[in-house]
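> Provided below for reference: sequence and predicted model.
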Amino acid sequence: MKISEVQPNNNATLEEIEVVSKGDIREFSKFGKTNRVCNCIVKDDSGEMQLTLWNEEIDTVEAGDKLKITDGWVKEWNGNLQVSAGRNGKIEKI
């Protein structure tokens with residue numbers, strides 16, 4: 001699937017995307033546990049979108065990496081589509 005084909009509130013498998021930039025890491029507390037989140041911009045030959053990384057995922061991804069996202073979850077936030085591994089998905093370097 002290409003970035004231009006993803007739809008909000010659906011799963012998506014993106015075969016080859018490139019991390020264009022990696023934003024600042026933010027920390028927050030929820031249910032007494034500290035978590036981290038970071039937004040990246042990813043692209044393929046059809047377009048760009050946001051990738052949200054959580055906790056340990058943040059340490060494995062850098063700008064310039066090529067990734068495959070399997071069964072990622074797509075949602076819309078502030079008018080922009082964003083994808084994350086979600087509960088069942090997987091992010092791999094290729």
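Cool, got the structure. Numbering: from 1, shown residues only.
> Pairing partners for the most centrally placed residue in the chain in the sheet, please.
Compute the mean C-alpha point of the chain, and by C-alpha atoms, centre = their mean the closest residue is L51, 2.4 Å away. Beta-bridge partners for L51, by DSSP bridges, are C40, V83.
> pretty sure it is touching C38, no?
No: the pair L51 and C38 does not pass the contact test of C-beta atoms under 8 Å, sitting 9.1 Å apart. Placement of C-beta: from N, CA and C, glycine included.
> buried sites along the longest strand belonging to the chain?
Ranked by residue count under DSSP state E, the longest strand found in the chain is strand 10-30. Neighbour-count burial for strand 10-30, counted by 16 or more other C-beta atoms under 10 Å, picks out N11, A12, L14, I17, V19, K22.
> Tell me how far D45 lies from I91.
Separation of D45 from I91 (C-beta to C-beta, to the nearest Å) stands at 20 Å.
> Between those two, point out the one with more neighbours.
For D45 and I91, the more surrounded residue by other C-beta atoms under 10 Å is I91, and the numbers stand at 20 against 10.
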